[in-house]
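[1] Provided below are the primary sequence and the corresponding predicted coordinates.
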Amino acid sequence: MKTFISLGLFLAILFFNQFYNSHDRSSGDNSKKEIINNKWQLINTIEENGLLGERLDLWRDKRLWFVADSGFLLSGFESRPGVHPWQGEHVGKWLHAATLAYEVTEDEKLKKELDNTVERLLATQLHNGYMGTYIEDKRFYVKPEAFGGWDIWTHRYNLYGLLTYEKFHPDESIVDACKKMGDLLIETFGEGKTDITKYGTRKGISSTHLLESIVMLYERTLDEKYLNFAEQIVFWSEQNPGLRLMDAMLKNESVVFPGEGKAYQLMANLLGYYRLYLCTGNDNYLQTALNGWKDIKENHILVTGGPWSRKMPYNGNRECFAKPEDFEPGLVVVENCCTVTWIQLNLHLFELTGLAMYAEEAEKALFNHLLGAQHVNGIDWCYFTPPNEKTRAFEPGISCCASSGPRALEMFSGHLAGEIENHLSINSFSPSTIVLPGKFGGGKINIKGNFPYTSTTHICFETDQIKEFTIEFRSPLGTTLTHAKINGKKVKAEKNDRGFFQIKNKWKPGDILSIELDYQLELHVQTGEKGKKWVAFSYGPLVLSQETNKDMQLEGPFKDVKIDINEPGKILEMLSKSEQDHSDITFTINGTRIKLVPYHLVGSRVSGPRTYFECSN
């Protein structure tokens, strides 16, 4: 696997160097235009079905309104202070996810709720630009060195949510409000002002988390002062020996130490560096994001796709990255905000490069770890989801992680199909309906099947006219392409340098492209604490787990088995597949009572998953 990742990164860097040379700030506009022209561009999804559609409906029909009707989103702004310091983040996260939901559903009730929420939020802004939930003597501009404060954090998400809404529903009053927030932050933390890392937590990484939103403000206004402020945030970060994220990543150091390895904030900072690259063409910003991604992928991602963390003496708390040798499946956790931010980082890097490996990581995390954190009642989410636990800690409250989860669902939905190199790019076989631009024949395509449960997909063309073009698709992790057929006739699909199979054809209304995959049973080995080894299993794109509870006596089928990663077949032969309903993919470990089913289906308030099994050293 590490060889594959290194090769993928080599191809990514080769791709970047081919299209983008190093640029100084004076060439930023031309660089940005060149980058955008070569990016993977989204094509609109208008309907989601299958597993993804079910989980999106749970959010859109249940939690979205549960939160909107609670009064919690705006109460801290309209009657300061809020009930806790980070209450203000939720309205921005809700605006982000709910705006993306509306773009698919066009639900007029939701549009009215969005409009009302934005109007009420803007009405709370003070004359100096402040739009937080703190009482006056605790606000960031009054106490710019308030270690432990979360006021900047609120403004980060206000900017993010409002700018997302305004992108789809242009309104200069929203832009003006965002500019006022940005100006107040500059007055407080700009060049020659207070070091922004002196505010917040974990060496200030919770405040430099603002970076992405400030770059978004520059992208919307093209006002250089916001880009200058973004680079000032980088300057403050690099001057702080406990943070220096860019320097650490460019030197290929571990993500465990910058900002005490606070996983959620660190990955959010990488999103800021990614966006800075798009605006400046400065390769160091891109390399910071790439090197951070590489270390996280190789050393800190569970088989389920979630970025794991653990409280250790050398870091801050259990939400911080820990050294790979400190892995222990019963003690590590995944904060749901981390899963969401990891998905987001992968989707953005995929947009930039079109490389399949980024899309694969996003899809793995979504269909396994993220969905495992969402309760099927449509309301509850988990804050933490360990890979091995006796019960799932679902909670109905409004927490950062519950507000983050729907954002990943909506972002992934928006990346099901796109365009790159004049190809129609199918990024997921999740059943959906996609609107096609005229260059691809207009009309729409319907992606039919039951991914990720089954291995057959049909792409049905309901186009307006005949068009010749190339369609590309990728084989998901844990699968191989068996064959592709057009209207029942086998055709050749060749893999391109980005990891996508492509088929060129003169497509006409009524055509059906059928794709058959081979789902593979795979063994995953993890080494961790005290040199112990654990094994886990996946079947196609789905990770497998045993459902356990606190009263269950756990069997140890692999404790005396020595694992040879070069000969996985010996272990895989111990598993037998049970032929059942598609949603009940089940394997049995021979000679035991242990059944393995998809991870996202395991866990309740009285049960939990066992994903990793200890084996002999």
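    The structure has been received and is ready for your questions. Numbers count the residues shown, from 1 in each chain.

[2] Quick one: distance of stretch 387-398 to the chain centre.
    Chain-centre distance of stretch 387-398: 20 Å, with Cα atoms, centre = their mean, to the nearest Å.

[3] ok, now stretch 70-80?
    With Cα atoms, centre = their mean, you get 28 Å for stretch 70-80.

[4] Buried residues of that stretch, list them for me.
    For stretch 70-80, the buried set under the neighbour-count rule, 16 or more other Cβ atoms under 10 Å, comprises Phe72, Leu73, Leu74, Gly76, Phe77, Arg80. Backbone N, C-alpha and C define where each C-beta goes, glycine included.

[5] before we move on, what SS does Ala97 have?
    Of the three states, Ala97 takes helix under DSSP: H, G, I helix; E, B strand; the rest coil.

[6] From what I see, it and Ala402 are in contact.
    No - counting by Cβ atoms under 8 Å, Ala402 is not a contact partner of Ala97; they are 11.0 Å apart.

[7] What helix or strand is Tyr273 located in?
    Using DSSP states H and E, Tyr273 sits in helix 263-280.

[8] Need the CA coordinates for that helix. PDB is fine.
    Presented in PDB, the C-alpha positions along helix 263-280 are these (Å, rounded to 0.1, in the frame of the first residue of the first chain):
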ATOM      1  CA  ALA A 263      -6.300  16.700  14.200                       C
ATOM      2  CA  TYR A 264      -9.400  18.600  13.200                       C
ATOM      3  CA  GLN A 265      -7.800  22.000  13.300                       C
ATOM      4  CA  LEU A 266      -4.600  20.800  11.600                       C
ATOM      5  CA  MET A 267      -6.500  19.400   8.600                       C
ATOM      6  CA  ALA A 268      -8.600  22.500   8.500                       C
ATOM      7  CA  ASN A 269      -5.300  24.500   8.300                       C
ATOM      8  CA  LEU A 270      -4.200  22.300   5.400                       C
ATOM      9  CA  LEU A 271      -7.500  23.300   3.600                       C
ATOM     10  CA  GLY A 272      -6.300  26.900   4.000                       C
ATOM     11  CA  TYR A 273      -2.900  26.200   2.500                       C
ATOM     12  CA  TYR A 274      -4.600  24.500  -0.400                       C
ATOM     13  CA  ARG A 275      -6.800  27.500  -1.100                       C
ATOM     14  CA  LEU A 276      -3.800  29.800  -0.700                       C
ATOM     15  CA  TYR A 277      -2.100  27.900  -3.400                       C
ATOM     16  CA  LEU A 278      -5.000  28.400  -5.800                       C
ATOM     17  CA  CYS A 279      -4.800  32.100  -5.200                       C
ATOM     18  CA  THR A 280      -1.000  32.600  -5.300                       C
END
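
[9] And that helix, what does it pack against?
    Helix 263-280 sits against helix 28-37, helix 205-208, helix 211-221, helix 224-239, helix 245-250, helix 283-299, helix 336-353, with contacts defined as 3 or more Cβ pairs under 8 Å, 6 or more residues apart in numbering; DSSP states H and E.

[10] so which of those is the most packed in?
    Comparing the helices and strands packed on helix 263-280 by mean neighbour count (mean count of other Cβ atoms under 10 Å), helix 205-208 ranks first with a mean of 28.

[11] And Glu573, how close does it get to Asp183?
    Look at Glu573 and Asp183: by Cβ to Cβ, to the nearest Å, they are 65 Å apart.

[12] The two: who's more crowded?
    Neighbour count, other Cβ atoms under 10 Å: between Glu573 and Asp183, Asp183 has more, with 18 against 10.

[13] The more buried one: what secondary structure?
    Relying on three-state DSSP, one would call Asp183 helix.
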